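**Q** here is the input, now give the coordinates:
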Amino acid sequence: ASIPLAIANTLRQRALDRESSIEAIADYLETRELLLTFDNFEHLLSGTTYVSHLLTRCPRLRVLATSRAVLGLAGERLFEVEPLEREPAVALFARQASAVKHGFALTSKNRDTVGEICAKLDNLPLAIELAAARARMLAPASLLNRLTRHAGARFDLLTNGPRDADARQRTLRATIDWSYRLLSAAEQRFLRRMGILAGGCALDGAVAVCADPDDETAGSEAAIESMLQSLLDKSLIYETEGLDGSPRFNLLESIREHALLELARSGEVDATFRRLAVYLNTLGEASQPYVPKSNNIGWIKRLGSERDN
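**A** Numbering: from 1, shown residues only. The predicted model follows:
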């Protein structure tokens, strides 16, 4: 409800001093050419109706919104910001590390280790910045060891963001928690169960492992497809192509570790592991007539897609 007031305050026009309704703002902007920017819109998605109204009333208005979730407006064009490539990620670590440790520099001895640190952190800029802040105390090899010590180790280590940063950007866990807490209870339950799937899943795997076994409606393929699409739209899972050409749904490792911690907290670990074991066993049994006697390439690729699971 505060969005119109925020827009009015940003425009800082006398005409809006006393009247900050969305209609007054639309009247003011109707003939003007303007770029209006919104940052972190994912926590205010119900307020997109205001944006839609302004775009409808003001033909020369353009909106740029950053958001973990798709806004879902007509005419919306998506530009997905991917994690960094290896070299820019390594360069970011080196730049941030040199800011806290005088004389830090990339060398032939530490470059590969820094690259492994960045890869372990999914090449996510915030995670790399938080890790680099530890360079004052930890050499790259020690930092990598700490990150891989146990499940959730990254959340124990990456906790020293700048004091003047937003609270959700001071630790890696808080950043991921921010997106997790915006999900519905059903989406949270589904996402934490996906944490079991180290190798991601195809649609049938999501149905078998992540759905509620006692809820036929929520466990249907159509319902699971809808759930996967929702999590894709919220940038919490991503889609790849399996060895057999079918779509597979995956989690970044940082998000997967967070999901596993939430799964443990929910007390669902054993039940979810059992569903995974049953699914993989059923898949293996179904392949028996074809592999290895007939050397069926399709089945070999299908089973290969599940290797990490």
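
**Q** can you list the buried residues in the helix ranked longest in the chain?
**A** Here the longest helix in the chain is taken by residue count, with DSSP state H as the criterion, and it is helix 269-287. By 16 or more other C-beta atoms under 10 Å, the buried positions in helix 269-287 come out as Val269, Thr272, Arg275, Leu276, Tyr279, Leu280, Leu283, Ser287. All C-beta spots, glycine's among them, are computed from the backbone N, C-alpha and C.

**Q** just give me the closest of the residues you listed to Leu11.
**A** Nearest to Leu11 among those, counting by C-beta to C-beta, is Thr272 at 50.0 Å.

**Q** for the closest one, list the residues it contacts.
**A** Arg193, Ile196, Val209, Leu263 (C-beta atoms under 8 Å, 6 or more residues apart in numbering).

**Q** likewise for Ser46?
**A** Here Ser46 is in contact with no residue (C-beta under 8 Å, 6+ apart).

**Q** swap in Ala69?
**A** Counted by C-beta under 8 Å, 6+ apart, Ala69 has contacts Phe41, Glu42, Leu45, Leu182, Asp233, Lys234, Ser235.

**Q** repeat that for Ala206.
**A** Residues near Ala206 by C-beta under 8 Å, 6+ apart: Met194, Ile224, Met227, Leu228, Phe249.

**Q** if I look at it, how far off is Leu92?
**A** 34 Å (C-beta to C-beta, to the nearest Å).

**Q** wait, Ser287 sits on Lys301?
**A** No - judged on C-beta atoms under 8 Å, Ser287 makes no contact with Lys301 at a distance of 11.0 Å.

**Q** how about the residue most central in space within the chain, secondary structure?
**A** Taking C-alpha atoms, centre = their mean, the centroid of the chain lies closest to Leu236, which sits 3.3 Å from it. Recorded secondary structure, Leu236: coil (DSSP: H, G, I helix; E, B strand; the rest coil).

**Q** for it, give me its contacts.
**A** Arg68, Ser179, Tyr180, Leu183, Leu191, Leu251, Ile255.

**Q** and it, how far from Ser230?
**A** With distances taken as C-beta to C-beta, Leu236 is found 9 Å from Ser230.

**Q** hmm, back to that, for the contacts of Ala69, which one is nearest Leu144?
**A** Ser235 (26.5 Å).

**Q** need the contact list for that closest one.
**A** Arg68, Ala69, Glu80, Ser179.

**Q** quick check on Ala259: phi, psi?
**A** When read as degrees, to the nearest 10, the backbone of Ala259 gives phi -60, psi -40.
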